[in-house]
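>>> Just to be clear, the model below is a prediction. Sequence and coordinates:
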Amino acid sequence: MSLLSQTRSRWLCGVGLLLCLSGVGCEQAPVDALLPTGELALLPIEWNASSLGSAKVTTIAEHDDDIALFGDTGVALWSNGESQGKDGSVRAWRASAVVPALGFPGRWLIGIDEEGKVQRLKSAAAQTVALEDVSGRYKLAGKKVLDVASLGGALVAFALDGRLAVSDGMTLREYELPLRGLVGSQGQAAGIWDDQVVIFDAERASQRTLALPGVKWLGFDPQHSLWAATGDSLFQLQDGVFRLAHRVDGDDTLRGLSASSRGLWVLFGQTIGLIVDGQLRLAAIPQGATMSAQDGLRLVGSPSGDAWLLGESQVLRVGEERGGGQDFVLWRKNMKPVFERLCQSCHLPSGSAHLDLSTHSLWARYRNVLGARVLEGMPTPMPPVGTGTLTAEERALVSSWVARGQIP
Ligand code: HEC
């Protein structure tokens, strides 16, 4: 018996809800509390993509300082704001993800190519990027992979033709679940099958199925709550049912939903929204986006908290002032010069201090310690006495960058 048929009964509650939404038979209907809306202050993020050219980017994978853009001219890697080069051998992509590396600590950026192979991005020497087909290492050789999602921990889910395969890094288990639009969080995979949302618990190998006619996109928010969107409505899974959270008005449409570390991003006809703190905050799609008119515009949430808007020949990054993208922009503009002038003699990756501080993500990780060292000299000053001092202006810049860590 297929796993799906075991839980057909779950249909009922989902269908019941939908009847209620259309005003039929509402005795037991939960009263859906719609999300309050507010305004979102959105900035275009200058992330130095000048050498990207006019590639059409299909999917993006990001980890710490690395950004891999998979598109129709190949895959390009940016690290800490610098282009690391490109591999043009594969030019059609289905999906990408950041997954635990197999065989050593760290992360892989992987792309699923059009043929269904799992390609990992390698950047061995500086300015060289290469792909390695790792399908065999996942025991997926000869199988056509359609989609991928990291489920947290060691778990990675692959959507195959008609099946879901879950790898824990050692073994691959397959289940009869024909899902698409895969997303993952805390050991769970969620995907779409016909007009249903299937939530699969990889540790227990159990699943729930909920009907949601017209469902197109899924996303887990940072609190691991599942959301789903149709072409005109947004739902949140609460107490086992999808409750309506927002419905577009008039002839507006909903065009995408994608998770970020800050909240869930939602793309509408002319606006972009961020669900955060129980609110749907909305902003106009920024200029530079002749994109807004394009039907093909797609939304990809970023682990930095920002969002990417992918058009036919444009990649636009947007975020809040407090977001990770803007933090990087300010680091690059104001902190990198300080690093180069006063810190890099000791703090390069293999430097004498044995503490690499050469990237934005490391500065962000050490933000408070770094502030104490540089601004207060606590417990001992950085740079060490006799090896240079910051100008008043540099101190002010470090101070305001460090203070960004306290933005609530
Ligand atoms: C002359 C070499 C040298 C220079 C220049 C230098 N550092 Fe250091 N730094 C060290 C050494 C050695 C340590 C480890 C010993 C210690 O913690 O004092 C260290 C430790 C640190 C730590 C502590 C991390 C922790 O875990 O406590 C931070 C943060 C730091 N440096 C930041 C900076 C910054 C920012 C600059 C430039 C503005 C800088 N350093 C310049 C040598 C240097």
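Ah, there it is.
>>> Please report the distance of the most centrally placed residue in the chain from residue 261.
Centroid-nearest residue in the chain: residue 302, 3.7 Å away (criterion: CA atoms, centre = their mean). Taking CB to CB, to the nearest Å as the measure, residue 302 falls 8 Å from residue 261. Any C-beta I mention is one placed from the backbone N, CA and C, and that applies to glycine too.
>>> Residue 179 now?
When residue 179 is compared with residue 261 (using CB to CB), they lie 24 Å apart.
>>> Tell me which of these two has more neighbours.
Neighbour comparison, residue 179 and residue 261: the larger count goes to residue 179, with 27 against 13 (by other CB atoms under 10 Å).
>>> And the more buried one, how far from the ligand?
Shown here: residue 179 relative to the ligand, a distance of 44 Å by CB to the nearest ligand atom, to the nearest Å.
>>> Not counting residues beside it along the chain, what's closest to that residue?
Once flanking residues are discounted, residue 179 sits nearest to residue 191: 2.8 Å by CB to CB, 6 or more residues apart in numbering.
>>> which residues does the one you found form a beta bridge with?
residue 198 (DSSP bridges).
>>> okay, now it: neighbour count?
Counted with other CB under 10 Å, residue 191 comes out at 24.
>>> can you pull the contacts of it?
Neighbouring residues of residue 191 by CB atoms under 8 Å, 6 or more residues apart in numbering: 147, 159, 164, 177, 179-183, 197-198, 200, 218.
>>> Can you get me a residue count around the nearest residue to residue 134 once chain neighbours are set aside?
In space, and not counting its chain neighbours, residue 134 is closest to residue 120: 4.7 Å by CB to CB, 6+ apart. Neighbour count of residue 120, defined by other CB under 10 Å: 18.
>>> Can you tell me the element residue 120 falls in?
Per DSSP states H and E: residue 120 is located in strand 118-122.
>>> circling back: look up the pLDDT of the residue nearest to residue 134 for me, please.
At residue 120, the pLDDT value in this model is 97.
>>> Also residue 250?
89.
>>> what phi and what psi does the backbone show at it?
Main-chain dihedrals, residue 250, degrees, to the nearest 10: phi 60, psi -130.
>>> Okay, it and the ligand: tell me how far apart.
To the ligand, residue 250 is 53 Å away according to CB to the nearest ligand atom.
>>> For that residue, list the residues it contacts.
Residue 250 neighbours (CB under 8 Å, 6+ apart): none.
>>> before we move on, what about residue 187?
By CB under 8 Å, 6+ apart, the contact list for residue 187 reads 151, 152, 153, 155, 201, 202, 203.
>>> State the phi and psi torsions of whatever residue of the stretch 101-250 of the chain ends up closest to the ligand.
For the stretch 101-250 of the chain and the ligand, the shortest gap (CB to the nearest ligand atom) falls at residue 105, measuring 19.9 Å. The phi/psi pair for residue 105 (degrees, to the nearest 10) reads phi -70, psi 160.
>>> How much space separates it from residue 364?
Residue 105 sits 20 Å away from residue 364, going by CB to CB.
>>> Likewise for residue 390?
For residue 390 relative to residue 364 (CB to CB), the value is 19 Å.
>>> same thing with residue 316?
Per CB to CB, residue 316 is found 23 Å from residue 364.
>>> so what secondary structure elements neighbour the helix or strand residue 218 falls within?
Following DSSP H and E, one finds residue 218 within strand 217-220. The elements that strand 217-220 packs onto, with contact taken as 3 or more CB pairs under 8 Å, 6 or more residues apart in numbering; DSSP states H and E, are strand 180-185, strand 188-193, strand 226-229, strand 254-259.
>>> Dump those to TSV, plus mean pLDDT.
As requested, these are exported to TSV (pLDDT from 0 to 100):
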stretch	mean pLDDT
strand 180-185	97
strand 188-193	98
strand 226-229	98
strand 254-259	97
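>>> can you map out the helices along the stretch 201-350 of the chain?
324-330, 336-338, 344-347 (DSSP state H, counting those that start in this stretch).
>>> Figure out which of those is closest to the ligand.
Distance to the ligand, taken as CB to the nearest ligand atom, is lowest for helix 344-347 among the helices of the stretch 201-350 of the chain, at 3.0 Å.
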